[in-house]
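Enquirer: Predicted structure and sequence below. I'll ask about it afterward.
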Amino acid sequence: MTIDSESLDLWIEDLYAGQVGLRLRLRDCLFSATSPFQRIAVYDSLSFGRVLTLGGAIAITDYDEALYSESLAHPALAVLPTAKRVLIIGGGDGGVCREVLRYGVERVTVVEIDKQVVETCAKFFPGAARSLTDKRVELVIDDAHRWLAGVREKYDVIVVDAAELVDPASDAFHSVTFAQAMFAALAPDGIIVAPLGSPIHASEHCRSNLRQFGEKFAKPAVYVFDLPSQPSGQVAVAWCSAKHTPTAVPKAMAWHAELKCWYPGLQPALFTLPRNVERQLGLS
Amino acid sequence: MPPPFVEPALIRRMVAEHGAPLLLLSTQAIRQQYRTLKQALPGVDLHYALKPLPHPAVVAALRDEGSSFDLATNGEVDVVREAGVPPSRTIHTHPIKRDGDISYALQYGCTTFIFDNPYELPKFLPYRDRVELLMRLSFRSKDAVVDLSLKFGVQPADALDLLRKAVGMGLKVRGLSFHVGSQTLNAFKYMEAIGFCRQLFNLAALDGVVLDTLDIGGGYPVPYIEPVMPIQYYCHPIASELERQFPNTRLIAEPGRFISAPAMTLVSSVMGKAERQGRMWYYLDDGLYGSYSGKLYDHADYQFMPLSKLEGKNAPERMSVVAGPTCDSIDVVYDNIMLPELECGELVVSPMMGAYTWATATEFNFFPKTKIVVID
């Protein structure tokens, strides 16, 4: 079905905590379905190109998928380029996986709960989803919290690529919290990267997430990157390691030239936060 | 805002015809409450919980509005059956049942039941081809984010095992239910419970059990003495969370108090009076063992005033005590209340007396339950 955007005034709205939001003007609805887990839709928007929404919230867009994926993968992998095993929690679109595969990893495990997200992205976001067919990628369809409970293996890098990191609802159904399950699966010198949320609109949520990491790591580092398709336009990310520090300028690689956003010189700058953001996250 | 009192002239007319005490029931108010809540929770099938006021006139009015019904006992089954409610519009929500309770409801045609523990499951086996089940959850968080568990409900950590057990026995589980408790001041508890249920829907789906029904229970608040948030604002976050998290799901709510409380007004009369230790005591023909039983069991409080005041007569007031008619000293309805001097036989009124009043009244001392008269 094609929607005539001349005669119809179509918009989607993504609200952050029901209070502040982003509206996108649409050209068309390309796909809409309800999986056993959520409503999945793909729209064609005037500003951001294709937009994937999960449960009504914007997940990725053509315009800034690379910004998001690079900003989650490289700040950790550039510090630990020798990482052999990488775990991506969520990430059914394949974007973060594509970035991780640029390094010499042996295996990338992607744990996505919803098979239909993977299928939808394969069709509408092939540039991201193609990475999931790489030989080095193990795609697990399961609830990550439940799956982690049965994992013996240790991972050098764990990237959380899911909407909710600390979810009291999920924690209630399992014997350990999600954060504890993740810590148990991390190699002793490994790195965890986990989005905290908007530092402006959800500072309390960010702080409580950070407290969970504080139980394991003496001083979790925090960086912030811009993400235009998020209602807040900004995402704060926790960067945790018992051994490594994030702020040195990584060695340049030839393939860095292919990236849209991240480059070695950006790395220390990411971790340099404006004072108001530091305060809102309880860092100063 | 509390709804207006029933017209004083109508009250006098009704008492002249039927005597006092009297509970005046407005089926128009029942219909209005149903429509208001229906509008506040679009897409949710409202199942009136009979408990607070299992009266045939209430059931008939709601039947005509298209409402569904939440039943808990055989007596409630009788009420809806006699009102001609199609059994497809009913669910049976008592988590603990005897065989006779299940078979009686099934005989009527009600096929949806609630369970919350493994001991209940074998009871459904003889009827497994006909029954559909909802699992009731109780939510308790160590951070005390939400604590909804009192008497019923399976704990979240045990929920998936219980669900698997039920499915493994060949029982058809359609979904989940919860109850956040009554008269809560905001909707946060619902929001959290909805998030928990989504998680469990997801875990079940990974096991190949696709649930398709969510019952969000009751508890929608009404103003007794203190005002409460208007219901459309109260329900707005619930409705948008349901829309976001539960697409293509049959949604059920079980309002009881919200629909019935504003629909009944109590009129009683002063049986006698006395002056004791400087305060006036008035003895009514209804009390704590009767229609005011909600003050004990339901922790509710009600407005109270002489009918003459409602008619605009003002008189000096003094500290008084209002007691019920029984011989028990606990039977005091209002200790320390400012009232004008009342005469024997004078009428007094309490509005918002529809929920858990007549339903929980006793006939202690052979004082019969107060008669309900439908006024419209």
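Expert: Right, received. Where do you want to start?

Enquirer: going forward, measure contacts between C-alpha atoms and count neighbours the same way
Expert: Will do.

Enquirer: Tell me where the longest strand sits in chain B.
Expert: strand B:264-276 (DSSP state E).

Enquirer: ok, now which ones touch the closest residue to B:Pro262 other than its chain neighbours?
Expert: In space, and not counting its chain neighbours, B:Pro262 is closest to B:Met352: 4.3 Å by Cα to Cα, 6 or more residues apart in numbering or on different chains. With contacts defined as Cα atoms under 8 Å, 6 or more residues apart in numbering or on different chains, B:Met352 is in contact with B:Tyr224, B:Ala261, B:Pro262, B:Ala263, B:Met264, B:Thr265, B:Tyr302, B:Gln303.

Enquirer: residues touching the second one, list them.
Expert: If you count contacts by Cα under 8 Å, 6+ apart, B:Ala261 has them with B:Val222, B:Met352, B:Met353, B:Gly354, B:Ala355.

Enquirer: Surely it is within a helix?
Expert: Yes: counting by DSSP: H, G, I helix; E, B strand; the rest coil, B:Ala261 is located in a helix.

Enquirer: Buried among the contacts of B:Met352? Make that a ChimeraX selection.
Expert: ChimeraX command restricting the contacts of B:Met352 to the buried ones, with burial defined by 16 or more other Cα atoms under 10 Å in any protein chain shown:
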select /B:224,261,262,263,264,265,302
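
Enquirer: Let me know the closest of the contacts of B:Met352 to chain A.
Expert: B:Tyr224 (29.9 Å; Cα to the nearest Cα).

Enquirer: count of residues packed around B:Cys327?
Expert: 9 (other Cα atoms under 10 Å in any protein chain shown).

Enquirer: farthest-separated two in the contacts of B:Met352?
Expert: Spatially, the most separated pair among the contacts of B:Met352 is B:Ala263 and B:Gln303, at 14.2 Å (Cα to Cα).

Enquirer: In the chain, mark out all the helices, start to finish.
Expert: In the absence of a named chain, chain A is used. Counting by DSSP state H, the segments of chain A that form helices are A:65-77, A:95-100, A:115-124, A:126-129, A:144-149, A:168-172, A:178-184, A:203-214, A:266-270, A:275-280.

Enquirer: nope, chain B please
Expert: Counting by DSSP H, the helices of chain B are B:8-18, B:27-40, B:56-65, B:74-82, B:99-108, B:156-168, B:188-206, B:231-245, B:257-260, B:294-297, B:307-310.

Enquirer: for those helices, which one ends up most surrounded?
Expert: Ranked by mean neighbour count, the helices of chain B are led by helix B:257-260 with a mean of 29 (mean count of other Cα atoms under 10 Å in any protein chain shown).

Enquirer: rewinding a little: I'd like the helices of chain B as CSV, with mean pLDDT and distance to chain A appended.
Expert: Formatted as CSV, the helices of chain B follow (pLDDT from 0 to 100; distance: least, Cα to the nearest Cα, whole Å):
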stretch, mean pLDDT, distance to chain A
helix B:8-18, 96, 45
helix B:27-40, 97, 17
helix B:56-65, 98, 31
helix B:74-82, 98, 34
helix B:99-108, 98, 30
helix B:156-168, 95, 4
helix B:188-206, 92, 5
helix B:231-245, 93, 5
helix B:257-260, 97, 26
helix B:294-297, 92, 32
helix B:307-310, 93, 44
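
Enquirer: which stretch among those comes nearest A:Ala184?
Expert: Once the helices of chain B are compared by Cα to Cα, helix B:156-168 is nearest, at 20.3 Å.

Enquirer: C-alpha coordinates for that closest one, CSV please?
Expert: What follows is helix B:156-168 as a C-alpha-only set of coordinates in CSV (Å, rounded to 0.1, in the frame of the first residue of the first chain):
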residue,chain,number,x,y,z
PRO,B,156,7.0,-13.5,39.4
ALA,B,157,9.9,-15.8,40.0
ASP,B,158,7.6,-18.8,40.1
ALA,B,159,5.3,-17.6,37.4
LEU,B,160,7.0,-19.2,34.4
ASP,B,161,7.2,-22.6,36.1
LEU,B,162,3.5,-22.5,37.0
LEU,B,163,2.6,-21.5,33.5
ARG,B,164,4.6,-24.4,32.1
LYS,B,165,3.0,-26.8,34.5
ALA,B,166,-0.5,-25.7,33.5
VAL,B,167,0.4,-26.0,29.8
GLY,B,168,2.1,-29.3,30.4
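
Enquirer: so what secondary structure elements neighbour it?
Expert: Applying 3 or more Cα pairs under 8 Å, 6 or more residues apart in numbering or on different chains; DSSP states H and E, we find helix B:156-168 packed against strand B:132-137, strand B:172-178, helix B:188-206.

Enquirer: what's the closest of these to A:Ala172?
Expert: helix B:188-206 (7.9 Å).
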